[in-house]
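**Q** Sequence and computational prediction follow.
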Amino acid sequence: MLDSRATHSTPCSDQLALMRRYDFIKEISEYMIEMGWGPYQNDHEDANGQFEMNWNYDDCLVTADRHAFFKFMVKTVAEKYGFRATFIPKLLKNMTGNGCHAHISIWKGKKNKFLDKSNDLGLSKIAYNFLGGVIKNASSLSAFFNPTINSYRRINAPHTKSGSSWSPSRISYTGNNRTHMIRIPDPGRFELRLMDGSTNPYLLQASIIAAGLDGLKNNINPGRPLNCNMYEDYKKYPNLPKLPNKLDQSLKKLKDNKDMNAAFGKQVINSYIKLKRAEIKNFKKKEIFDKSKAITKWELNNTLDC
């Protein structure tokens with residue numbers, strides 16, 4: 001929903017840009033309240049016409065259902081106001097893309113199994129092993145988390161007009177620091193910042209579970225957290241794994257990942273890869289993927305309504 005009057009280099013600082021879309025955001029929030037989702041925060045984000053909306057956590061399947069319905073609801077209400085809402089990962093080359101972050105914890109009844117108040121970051125051994133599985137499988141699961149050609153304009157992206165892409169490039173974790181792929185904002189949970197607006201809500205949740213179970217089963221240690229600005233200091237960590245640069249790279253990682261093939265089943269993985277490779281073939285007939293150039297017409301035609 002681009003706003004022609006939002007010319008500030010950091011639109012999130014422009015109160016008028018927020019107020020011009022206030023009625024639209026308010027209506028969606030009221031629907032979420034009516035449905036019992038518990039919305040608790042809305043804000044104008046870093047790009048022109050970009051908003052973040054948050055609601056309370058729940059079981060992963062409930063969250064996936066809400067996620068799927070939320071996208072439909074936003075697009076429907078937007079049309080009522082004469083707008084076109086999009087969750088495309090990267091709409092404009094020089095502006096921040098659309099992420100889709102997940103906050104993750106495991107509960108047994110009313111007990112948070114990720115919580116350990118004696119730990120510096122407030123995470124238990126179970127949490128670190130689960131996190132370790134996500135770290136280990138991140139490149140492969142980028143095929144699910146970042147499932148479109150356009151997705152790879154958002155990750156590994158250069159600085160934007162506002163000064164930051166707010167998307168990861170390396171596979172790393174940290175404390176309360178948004179320049180890494182995984183952030184630990186509070187005790188008892190971690191935030192995975194890799195996914196974008198085009199991800200399938202159900203494959204998103206299934207991927208997190210599959211990776212986490214791999215970490216628990218194999219007692220995977222995620223290594224030490226890095227307390228740095230990864231956007232500026234990445235050269236200090238030359239051995240840190242980098243995320244895939246293109247969709248076909250992440251698909252190859254997924255195909256070669258025996259643990260994820262076992263978790264999802266080879267038939268599911270092979271069918272998914274076949275579908276995505278057909279998209280890549282179709283794209284290459286008409287376009288060349290180049291991050292330094294503007295988003296292609298093919299990307300707009302095939303991703304705006306993701």
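**A** Yes, it's here.
**Q** for the stretch 51-200 of the chain, what spans make up the strands?
**A** Along the stretch 51-200 of the chain, counting by DSSP state E, counting those that start in this stretch, strands occupy 51-55, 102-104, 107-108, 111-112, 173-174, 182-183, 190-192.
**Q** would a markdown table of these with mean pLDDT and distance to Ile135 be doable?
**A** Just so you know, the C-beta spots here come from the backbone N, C-alpha and C atoms, and that holds for glycine as well. Below are the strands of the stretch 51-200 of the chain laid out as a markdown table (pLDDT from 0 to 100; distance: least, Cβ to Cβ, whole Å):
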| stretch | mean pLDDT | distance to Ile135 |
| --- | --- | --- |
| strand 51-55 | 94 | 25 |
| strand 102-104 | 97 | 13 |
| strand 107-108 | 97 | 22 |
| strand 111-112 | 98 | 21 |
| strand 173-174 | 98 | 7 |
| strand 182-183 | 98 | 7 |
| strand 190-192 | 98 | 10 |
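**Q** May I see these organised as TSV, with distance to Lys80 and mean neighbour count added?
**A** Output for the strands of the stretch 51-200 of the chain, formatted as TSV (distance: least, Cβ to Cβ, whole Å; neighbours: other Cβ atoms under 10 Å):
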stretch	distance to Lys80	mean neighbour count
strand 51-55	16	17
strand 102-104	29	19
strand 107-108	38	10
strand 111-112	40	13
strand 173-174	41	22
strand 182-183	35	22
strand 190-192	32	23
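**Q** Distance of Ile135 relative to Met53?
**A** Remark: distance between Ile135 and Met53 (Cβ to Cβ, to the nearest Å) = 28 Å.
**Q** Dump the strands of the stretch 51-200 of the chain to TSV, plus distance to Glu299.
**A** Output for the strands of the stretch 51-200 of the chain, formatted as TSV (distance: least, Cβ to Cβ, whole Å):
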stretch	distance to Glu299
strand 51-55	22
strand 102-104	24
strand 107-108	39
strand 111-112	40
strand 173-174	30
strand 182-183	27
strand 190-192	24
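**Q** And those strands: which comes nearest Ile280?
**A** With Cβ to Cβ as the measure, strand 190-192 is the member of those nearest Ile280 (25.0 Å).
**Q** Of all the strands of the stretch 51-200 of the chain, which one comes closest to Ala206?
**A** Among these, strand 102-104 sits nearest to Ala206 (Cβ to Cβ), with 11.9 Å.
**Q** Which other helices and strands does the closest one contact?
**A** strand 190-192, helix 201-217 (3 or more Cβ pairs under 8 Å, 6 or more residues apart in numbering; DSSP states H and E).
**Q** Return the most buried member of the ones you listed.
**A** Comparing the helices and strands packed on strand 102-104 by mean neighbour count (mean count of other Cβ atoms under 10 Å), strand 190-192 ranks first with a mean of 23.
**Q** Would you mind pulling the contact partners of that strand?
**A** If you take Cβ atoms under 8 Å, 6 or more residues apart in numbering as the criterion, strand 190-192 is touched by 101-105, 114, 123, 127, 131, 134, 173, 181-185, 208.
**Q** for stretch 286-304, same thing?
**A** 84, 86, 88-93, 148-150, 152-153, 156-158, 198, 246, 279, 282-283.
**Q** In space, what's closest to Leu203 - neighbours in sequence excluded?
**A** Distances taken as Cβ to Cβ, 6 or more residues apart in numbering place Phe144 nearest to Leu203, at 4.5 Å, with adjacent residues excluded.
**Q** wait, the one you found sits on Asn200?
**A** Yes - in this structure, Phe144 is within contact of Asn200 by Cβ atoms under 8 Å, at 7.0 Å.
**Q** Quick check on these two: which one has the bigger neighbour count.
**A** A direct count of neighbours by other Cβ atoms under 10 Å for Phe144 and Asn200 places Phe144 higher, at 24 against 18.
**Q** Nice, that's everything, thank you.
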